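# Sharing a sequence plus its predicted fold:
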There are 2 protein chains.
Amino acid sequence: MKMEQKQDNTSLMLLSATGLALLTILTVWKSKQCKYRLLNETGGAMFYGMLMGLTVKLLSFYRGQHEDNMDAVCICRGLNSTLHVLTVNFTSPSPRHVGKVRQGCPPLSTPLMDTFDPEVLFNLFLPPIIFHGAYTLNQNRLIKNLGSVLTFAFLGTLISCFTIGSCMYGFTRLMVLSGRAADGDFLLTDCLLFGAIVSATDPVAVLGLLSELHMDLDLHSLLFGESVLNDAVAIVLTHAITTYSQTGEGHTFDPPAFLLSVGYFLAVFAGSLLLGFLFTIMTALLTKFTRLHENPLLETSVFFLLSWSCFLTAKASGLSGIVAVLFCGLSQARYTIHNLSSEGRTRTKQLFEVFNFLGEIFIFSFMGYALLTFPCHVFRALFITGALLSIFISRACNIYPLSFLLNLGRTTKIPRSFQHFMMFAGFRGAVAFSLAMRDTSTEARRTILTTTLLLVGFTTWVLGTVADPMLQHLHIRVGVDADGDETPEDLSFEAATGRPDTTPGLWHRLDYKILTPLLTHCGPPLSDTLPRCCGLFARLLSSRRVQEDEEQVCEVGDSTFDLEKTEERSGSPGGDSGSAHQEDLLEGDLGLGTDPPALTREP
Amino acid sequence: MKMEQKQDNTSLMLLSATGLALLTILTVWKSKQCKYRLLNETGGAMFYGMLMGLTVKLLSFYRGQHEDNMDAVCICRGLNSTLHVLTVNFTSPSPRHVGKVRQGCPPLSTPLMDTFDPEVLFNLFLPPIIFHGAYTLNQNRLIKNLGSVLTFAFLGTLISCFTIGSCMYGFTRLMVLSGRAADGDFLLTDCLLFGAIVSATDPVAVLGLLSELHMDLDLHSLLFGESVLNDAVAIVLTHAITTYSQTGEGHTFDPPAFLLSVGYFLAVFAGSLLLGFLFTIMTALLTKFTRLHENPLLETSVFFLLSWSCFLTAKASGLSGIVAVLFCGLSQARYTIHNLSSEGRTRTKQLFEVFNFLGEIFIFSFMGYALLTFPCHVFRALFITGALLSIFISRACNIYPLSFLLNLGRTTKIPRSFQHFMMFAGFRGAVAFSLAMRDTSTEARRTILTTTLLLVGFTTWVLGTVADPMLQHLHIRVGVDADGDETPEDLSFEAATGRPDTTPGLWHRLDYKILTPLLTHCGPPLSDTLPRCCGLFARLLSSRRVQEDEEQVCEVGDSTFDLEKTEERSGSPGGDSGSAHQEDLLEGDLGLGTDPPALTREP
């Protein structure tokens, strides 16, 4: 009987999820049909999630009045939760939380969530979303803006984290002074932790907006690159601060603990990058040296499973799954895609597209649902006000100074309008939520969860709704087709790599001489590019297909991937279309941006 | 800390699943490359699942020796399981299990499964598998063989259930006589329950084999139709027997309880059919009257979510999800598909194909895993031997007499070779497992679970492996392309419906006059086919696209769905290609088969 009850619960839960998704899709689509572009999928999903949460809340409230006399069940629950608290006590290495632990409650428990683990949701849908973003990203633009993206993602997130942390520390002091909180309720590390959690802009929300508006490609690369990488930074930072708060005292600065955190941060980041690339190498070699491309279904399945495994392996080994899958997606789009059959390419893209679309909706619905049904919310007006203010302050401290510094080095400046929009487009979302949800054992942590959810709601609805008018107001061009970005200017990097003697850096040479011929059927044969001592190795790994027929293979026509087309052209060395811009690259722009901004090209 | 531990477990679990799937895909694909066609995906998946289970078993065995001293954890587990037992006692309406309940153990608990609910697996992957099977089924053949399919599915499963039940009752008496079981261990209802659980052939396994071998289309329809419908019959039968055993005494025949079971059976079946059709109507009207087809991504998502919701709604409301999704798939392929855009059609098919492929592998891996890691297996040699014998006996009692009876009515006989193969192709799989898994509270039920798993393994490996040689031995043609099945003979039904005056039955007239014009843009306008009193209704629901341009709309070219092509031809009334066979239909074959069998056509 119990099993069947549970089954029905599972079905009901999945049914609500699909129902919410359907409602969201149809509402948003209908509202767009009526030229009312303000509502987007993420906002709609969160709204319906909240409605659902409200319904469940009301239902369980009424049912709760009837169930008061069912002693057996209540005793069982009581026992369970006591045991839970004991276990928390037992395994927590830090003794200072003991005083609070009595108020501890099971993480998220409402009728529908008893059978459901939100982590499964993130494990299932985050990887395809990030992968899809990376896989379909315009790589030329990303490479051009790589320096800026890295600066915003790393330095920017650090600035943001510490700005929010110190703002919030000020606000918590204010709370203590005004008697609304006890002295030990919010430590500095709690404030910094909150800073780390909410300093990351969310790729899911940002991608939702970007794919909606088709804005300028440079701005797209900057925003998406930043949002994906700073998530990774925030995740690692959160972990580092947690580690620090457990080893340090929480009040004073502790150099060894700090160094440990920094070391941990770097190790995790490098490890995740490496892991992502490792999975690309596996997939690329597998698709290159087998005849898997004769069966598109198998090809797609293997590609999908390997890319997903990348995320899971990273998580299981304590690395950052998001960084790993991001880099995996980027490198799969650069190398593996050439080994897939034409049908396999379309299929993988469409499969990830559906997952991305549905995943976005499910995740935001769930956040809306959790906002209303999480049983231990702690609403602190002052904390929430402080958080709202500090995310704007921190974003301003991040974007404007860094843009100024970057513009000193960039030949193509980041225009003012872009800066304003970036300052504004600081959506928070799924990653912040999942970070905040991990630990709700103390009241400070529960305050953080509540505030984070409110911030997510605020940025999704308010900022998401005014994004379109804002873009128009700032005269940033929208409706750009990513596939149409094929003006000769965009070929600069690839065309430059087409002439091996003049390639500007180590990475470019590695890419052109070793990685491309090793992992794909394109590029020069390995036996030409590797030194003579590696002759056997080169012959072993050289593409048989290249040896058989050098012309035919790279003529794979699929217009959906612009990268590929540029890659194909780069396959013919000395493409004259790019020579005009080659000098720009040779000038050494530090990868900070070489292309005139779209704004000036289309006034 | 606990949350992160759980997270890592979730990742590890999903990672093992993807790893198993990858291993299976690559091994099976490689083995097929080497012309070793004996190994199929389901068998491979189950094998790797067992390997995985063995590893986990060994690991937890070694770890168990170290963990003996962790008292806190053990106490906690002990408490939990005691509570579990108490709850079972409390809710079970029948008092006769109390003596056994102390041996009760939590359903499935191993390190990896703590965070994982197998029901989620079935909820996620069963619907796409069944839906895909129904969606891509050759409908003409199914309609032609409908009478036979229904006979095998309903009458055959009943025969099978009671044959197995009585055989097993004999064997359990033998066990009691030989002193290997106590008198009250196995009741007649337990034996009948086992019969109901293992009498259904599994669509997942059968589809795996069918899609592999591309066998004769009539045989395909018979086997697939039977396997899907008898699953539904078995599910409902299991529930009915459980209901009966709870109201009746278990030993003697109780007419009211029996009638209740029969009524329940019929109600569930009819309800599920209706529900499946209801979801088709929703999808068809939604895709017909909106411009959703302009956005293939939205179209695919809505189609996918609605079809999946059908399964979930059925389960949540206590109906049979499998019957609902089967009928939904069949009717979606008949109506809704005409409203989709060409890209939407390809996408939905490919999406379900991937889900079907991966789902099959995941489900069978899990069964292999559960076979080795379920903690409370009860191996009874005599019971297992009896089960192995009785599935063959019951299958023989089912196929041969029913084929003989059906051949009396069929113009196209079911040849001997088909009967032998059908007798042999009695694979058991996921549905039997999920039915057996629902209740493991008594020792009889645990014996049933163990035996069912062993039967699944046996039929998958032994029968699955010799299927190919068997087909060759029986001279049944393989390698038939379902899409190529477009000889004019196949149009008989559609061509016949093309002449409204001579349509043979109520269903055909309903389909041609009302459903097709109501749900799609094809067929005659509703205002012509409906009586005059429904004029307003007809105008409201008439396809605007049909009114605008009657010719253009139905000219949608997608070669993957043969149904559609035949439907298009039927759209032009009085197709002369089918007139030759119209007489056959008018002769009244009771839907038992009108077409000469493939064997005689291609000797």
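Nice, I can see it.

# which stretches of the stretch 251-400 of chain A form helices?
A:255-289, A:296-316, A:321-334, A:342-373, A:381-409 (DSSP state H, counting those that start in this stretch).

# ah, wrong one, I meant the stretch 51-200 of chain A
Under DSSP H, counting those that start in this stretch, the stretch 51-200 of chain A gives helices at A:71-91, A:98-101, A:118-135, A:139-144, A:146-151, A:157-177, A:188-198.

# Dump these into JSON lines; add mean pLDDT, distance to chain B and mean neighbour count as well.
Every C-beta, even on glycine, is put in place using the N, C-alpha and C of the backbone. Rendered in JSON lines, the data for the helices of the stretch 51-200 of chain A read as follows (pLDDT from 0 to 100; distance: least, CB to the nearest CB, whole Å; neighbours: other CB atoms under 10 Å in any protein chain shown):
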{"stretch": "helix A:71-91", "mean pLDDT": "32", "distance to chain B": "5", "mean neighbour count": "13"}
{"stretch": "helix A:98-101", "mean pLDDT": "36", "distance to chain B": "12", "mean neighbour count": "13"}
{"stretch": "helix A:118-135", "mean pLDDT": "81", "distance to chain B": "5", "mean neighbour count": "24"}
{"stretch": "helix A:139-144", "mean pLDDT": "80", "distance to chain B": "23", "mean neighbour count": "23"}
{"stretch": "helix A:146-151", "mean pLDDT": "88", "distance to chain B": "27", "mean neighbour count": "20"}
{"stretch": "helix A:157-177", "mean pLDDT": "91", "distance to chain B": "20", "mean neighbour count": "20"}
{"stretch": "helix A:188-198", "mean pLDDT": "90", "distance to chain B": "14", "mean neighbour count": "26"}
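
# and A:His214, how many residues sit next to it?
Counted by other CB atoms under 10 Å in any protein chain shown, the residues lying close to A:His214 total 14.

# no wait, A:Leu405
13.

# tell me the contacts of the closest residue to it other than its chain neighbours?
Using CB to CB, 6 or more residues apart in numbering or on different chains and skipping the chain neighbours, the partner closest in space to A:Leu405 is A:Thr151 (7.7 Å). Contacts for A:Thr151 (CB atoms under 8 Å, 6 or more residues apart in numbering or on different chains) come out as A:402, A:405-406.

# run the last query once more with 10 Å
Contacts for A:Thr151 were tallied using CB atoms under 10 Å, 6 or more residues apart in numbering or on different chains; they are A:145, A:226, A:402-403, A:405-406, A:409, A:592.

# Which two of the residues you listed have the greatest separation?
A:Glu226 and A:Gly409 (17.1 Å; CB to CB).

# of those two, who's got more company?
Neighbours were counted for A:Glu226 and for A:Gly409 using other CB under 10 Å; A:Glu226 has more, 30 against 14.

# Report the separation between A:Thr24 and A:Ser11.
To A:Ser11, A:Thr24 is 20 Å away according to CB to CB, to the nearest Å.

# Out of the helices of the stretch 51-200 of chain A, the one nearest B:Val268 is which?
Comparing the helices of the stretch 51-200 of chain A by CB to CB, helix A:71-91 comes nearest, at 29.1 Å.

# from the helices of the stretch 251-400 of chain A, which stretch is densest packed?
Ranked by mean neighbour count under mean count of other CB atoms under 10 Å in any protein chain shown, the helices of the stretch 251-400 of chain A are led by helix A:321-334, which reaches a mean of 28.

# Name the helix or strand of chain A that has the lowest mean pLDDT.
Ranked by mean pLDDT, DSSP states H and E, the weakest helix or strand in chain A is helix A:71-91, scoring a mean of 32.

# how many neighbours does A:Thr42 have?
33.

# Around chain B, pick out the residues from the stretch 151-300 of chain A.
Within the stretch 151-300 of chain A, the positions lying close to chain B (CB under 10 Å from any CB of the partner chain) are A:239, A:242, A:246, A:282, A:286, A:290-292, A:294-298, A:300.

# which of the residues you listed lies closest to B:Arg180?
A:Leu298 (47.4 Å).

# The closest one contacts B:Ile25, doesn't it?
Yes. Counting by CB atoms under 10 Å, B:Ile25 is a contact partner of A:Leu298 at 6.1 Å.

# Overlap in contacts, those two.
With CB under 10 Å, 6+ apart as the test, A:Leu298 and B:Ile25 both reach A:292, B:357.

# which residues touch the residue nearest to A:Ile384 when sequence neighbours are not counted?
Residue nearest to A:Ile384 in three dimensions, not counting chain neighbours: A:Thr451, with 5.3 Å by CB to CB, 6+ apart. For A:Thr451, the contacting residues are A:168, A:194, A:197-198, A:377-380, A:383-388, A:436, by CB under 10 Å, 6+ apart.

# which of those residues lies closest to A:Arg141?
Among those, A:Val198 lies closest to A:Arg141 (CB to CB), at 27.7 Å.

# need the contact list for that closest one.
A:Val198 touches A:160-161, A:164, A:168, A:234, A:387, A:390-391, A:394, A:426, A:428, A:432-433, A:435-436, A:448, A:451-452, A:455-456, A:459, counting by CB under 10 Å, 6+ apart.

# And it, how far from B:Ala196?
55 Å.

# same thing with A:Gly170?
69 Å.

# same check, this time on A:Met367
A:Met367 is 43 Å from B:Ala196, where distance means CB to CB.

# swap in A:Ser160?
Counting by CB to CB, the gap from A:Ser160 to B:Ala196 is 61 Å.

# and what of A:Gly329?
Using CB to CB, we find A:Gly329 at a distance of 48 Å from B:Ala196.

# Figure out the helix or strand that the residue nearest to A:Asn145 when sequence neighbours are not counted lives in.
Once flanking residues are discounted, A:Asn145 sits nearest to A:Ser221: 4.8 Å by CB to CB, 6+ apart. For A:Ser221, the host element (DSSP states H and E) is helix A:217-247.

# quick check: angle from that helix to helix A:118-135?
Helix A:217-247 and helix A:118-135 meet at an angle of 140 degrees, taking axes from the mean of the first three to the mean of the last three CA atoms, to 10 degrees as the criterion.

# Sort out which residues of helix A:217-247 are buried, please.
A:217-242, A:244-245, A:247 (16 or more other CB atoms under 10 Å in any protein chain shown).

# list the contacts for A:Val352?
Small correction: residue A:352 is Phe, not Val. A:127-129, A:131-136, A:300, A:303-304, A:307, A:329, A:359.

# close enough to count as contact, A:Ala432 and A:Thr452?
Yes. Counting by CB under 10 Å, A:Ala432 does reach A:Thr452; the two are 5.2 Å apart.

# Return every residue with contacts to both of these two.
Common neighbours of A:Ala432 and A:Thr452 (CB under 10 Å, 6+ apart) are A:194, A:197-198, A:367.

# Output the below-cut-off pLDDT ranges for the stretch 151-300 of chain A.
A:247-254 (pLDDT under 70).

# cutoff 50 now
Across the stretch 151-300 of chain A, not a single residue meets the criterion (pLDDT under 50).

# Also the stretch 351-500 of chain A?
A:483-500.

# For whichever residue of it sits closest to chain B, grab the count of nearby residues.
Nearest to chain B, among the residues of the stretch 351-500 of chain A, is A:Arg438, at 4.9 Å (CB to the nearest CB). Burial of A:Arg438 is recorded as 21 neighbouring residues (other CB under 10 Å).

# Likewise for the one 10 residues further on?
A:Ile448 sits with 28 neighbouring residues when counted by other CB under 10 Å.

# can you check A:Ala430 too?
A:Ala430: 26 neighbours (other CB under 10 Å).

# Tell me who's in contact with it.
Taking CB under 10 Å, 6+ apart, we find A:Ala430 in contact with A:42, A:121-122, A:125-126, A:129, A:202-205, A:231, A:359-360, A:362-364, A:366-367, A:456.

# swap the cut-off to 8 Å and go again
Counting by CB under 8 Å, 6+ apart, A:Ala430 has contacts A:122, A:126, A:202, A:204-205, A:363-364, A:367.

# Distance to B:Phe47 for those residues - can I get that in a markdown table?
A markdown table is the format used below for the contacts of A:Ala430 (distance: CB to CB, whole Å):
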| residue | distance to B:Phe47 |
| --- | --- |
| A:Phe122 | 31 |
| A:Leu126 | 31 |
| A:Asp202 | 42 |
| A:Val204 | 38 |
| A:Ala205 | 43 |
| A:Ile363 | 36 |
| A:Phe364 | 40 |
| A:Met367 | 41 |
